[in-house]
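[1] Got a predicted structure plus its sequence, pasted below:
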Amino acid sequence: MRAAGLGALADLGFRGLDNDIRDPVTVTGFAATRTHKLTPGQKEANRVLALGRAPVEHGFAHLKNWRILTKLRTDPARATHLLRALLVLTNLEVNR
């Protein structure tokens, strides 16, 4: 993804191979522990990240409810176009 200039937003459960701190490809939130509380800035960063991820999560939830992806047997490039079209239709329906 770095070579293509792309990035991704991920949840706290993501454990990837991206270990370049100065040029991250995958953006994750901050995790708190019992001994390490989050600063107000970290909490705000988590809120902003959640706002960016929410529409995508809702779109995939709709696709899962419709069970569209269970029988998908096609080339991944075609699946990308299909998913984009389905998410556009979902957003139109939700906004209607």
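    Arrived safely, thanks for sending. Numbering: from 1, shown residues only.

[2] phi, psi of the residue located most distally from the centre of the chain?
    The C-alpha centroid of the chain is most remote from residue 35, which lies 28.2 Å away (Cα atoms, centre = their mean). In terms of degrees, to the nearest 10, the main-chain angles of residue 35 are phi -90, psi -20.

[3] after the longest helix seen in the chain comes which helix or strand?
    Looking across the chain with DSSP state H, the single longest helix is helix 40-66. As assigned by DSSP states H and E, the chain's next helix or strand after helix 40-66 is helix 76-95.

[4] For that next one, output the C-alpha coordinates as PDB.
    Extracted in PDB, the C-alpha atoms of helix 76-95 (Å, rounded to 0.1, in the frame of the first residue of the first chain):
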ATOM      1  CA  PRO A  76     -11.300  -9.800  -6.600                       C
ATOM      2  CA  ALA A  77     -11.100  -6.800  -9.100                       C
ATOM      3  CA  ARG A  78     -14.700  -7.400 -10.100                       C
ATOM      4  CA  ALA A  79     -15.700  -7.900  -6.400                       C
ATOM      5  CA  THR A  80     -14.300  -4.400  -5.700                       C
ATOM      6  CA  HIS A  81     -16.500  -2.800  -8.400                       C
ATOM      7  CA  LEU A  82     -19.500  -4.800  -7.100                       C
ATOM      8  CA  LEU A  83     -18.900  -3.800  -3.500                       C
ATOM      9  CA  ARG A  84     -18.500  -0.100  -4.500                       C
ATOM     10  CA  ALA A  85     -21.800  -0.200  -6.400                       C
ATOM     11  CA  LEU A  86     -23.600  -2.000  -3.500                       C
ATOM     12  CA  LEU A  87     -22.300   0.600  -1.000                       C
ATOM     13  CA  VAL A  88     -23.500   3.400  -3.300                       C
ATOM     14  CA  LEU A  89     -26.900   1.900  -3.500                       C
ATOM     15  CA  THR A  90     -26.900   1.300   0.300                       C
ATOM     16  CA  ASN A  91     -26.000   4.900   1.000                       C
ATOM     17  CA  LEU A  92     -28.800   6.100  -1.400                       C
ATOM     18  CA  GLU A  93     -31.300   3.900   0.400                       C
ATOM     19  CA  VAL A  94     -30.200   5.000   3.900                       C
ATOM     20  CA  ASN A  95     -30.300   8.600   2.900                       C
END
